[in-house]
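J.: Can you look at this prediction? I've put the sequence above it.
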Amino acid sequence: MNKKTLSILSYVTIIGWIVAFVKSKELTPKSDLVTYHLKQGFGIFLVTFALNIVLSVVIMTITSLYFLSYIGYALLILWIFGIINAANEQKKPIPVIGKMFEDKFDFIN
């Protein structure tokens, strides 16, 4: 697989991320683009996972806050921004939350 495909795949579910992670280890020379999008993809996965758990508990506890479930649509839009950046082979962070993940997840390097 080429670096563009691996970059896009790093956003497509956790299984896609694992495939991109394993295949990126086989690339010679190492691709900064793939590493960057692996970090961004893992970060958005963690944020989405944690936020969904928190929102589920809050909404089940206080049902009048059901409108908070629309936050999922905002996360979907951020995820799409990540895929677009990967498809355009750009190393741009995901809006709002992407800067947090640029220097994290050292195991990906």
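T.: Everything's here; your move.
J.: tell me, what residue is most central in the chain?
T.: residue 41 (2.3 Å; C-alpha atoms, centre = their mean).
J.: What helix or strand is that residue located in?
T.: helix 32-61 (DSSP states H and E).
J.: Quick one: list the elements packing against that helix.
T.: Secondary-structure packing of helix 32-61 (3 or more C-beta pairs under 8 Å, 6 or more residues apart in numbering; DSSP states H and E): helix 3-9, helix 13-26, helix 71-87. From N, CA and C alone the C-beta is placed, and that goes for glycine too.
J.: Turn those helices into JSON lines, columns for distance to residue 99, mean neighbour count and mean pLDDT.
T.: Listed next are those as JSON lines, based on distance: least, C-beta to C-beta, whole Å; neighbours: other C-beta atoms under 10 Å; pLDDT from 0 to 100:
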{"stretch": "helix 3-9", "distance to residue 99": "18", "mean neighbour count": "22", "mean pLDDT": "89"}
{"stretch": "helix 13-26", "distance to residue 99": "20", "mean neighbour count": "14", "mean pLDDT": "88"}
{"stretch": "helix 71-87", "distance to residue 99": "12", "mean neighbour count": "16", "mean pLDDT": "91"}
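J.: Mind putting those helices into CSV with distance to residue 53?
T.: Formatted as CSV, the helices and strands packed on helix 32-61 follow (distance: least, C-beta to C-beta, whole Å):
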stretch, distance to residue 53
helix 3-9, 25
helix 13-26, 15
helix 71-87, 12
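J.: among the ones you listed, which is nearest residue 106?
T.: helix 13-26 (13.5 Å; C-beta to C-beta).
J.: and the helix holding residue 41, which residues are buried?
T.: 33-45, 47-48, 55 (16 or more other C-beta atoms under 10 Å).
J.: For the residue lying closest to residue 19 once chain neighbours are set aside, which residues are in contact?
T.: By the measure of C-beta to C-beta, 6 or more residues apart in numbering, the closest residue to residue 19 outside its immediate chain neighbours is residue 9, 6.1 Å from it. Residues in contact with residue 9 (C-beta atoms under 8 Å, 6 or more residues apart in numbering) are 1, 16, 17, 19, 20.
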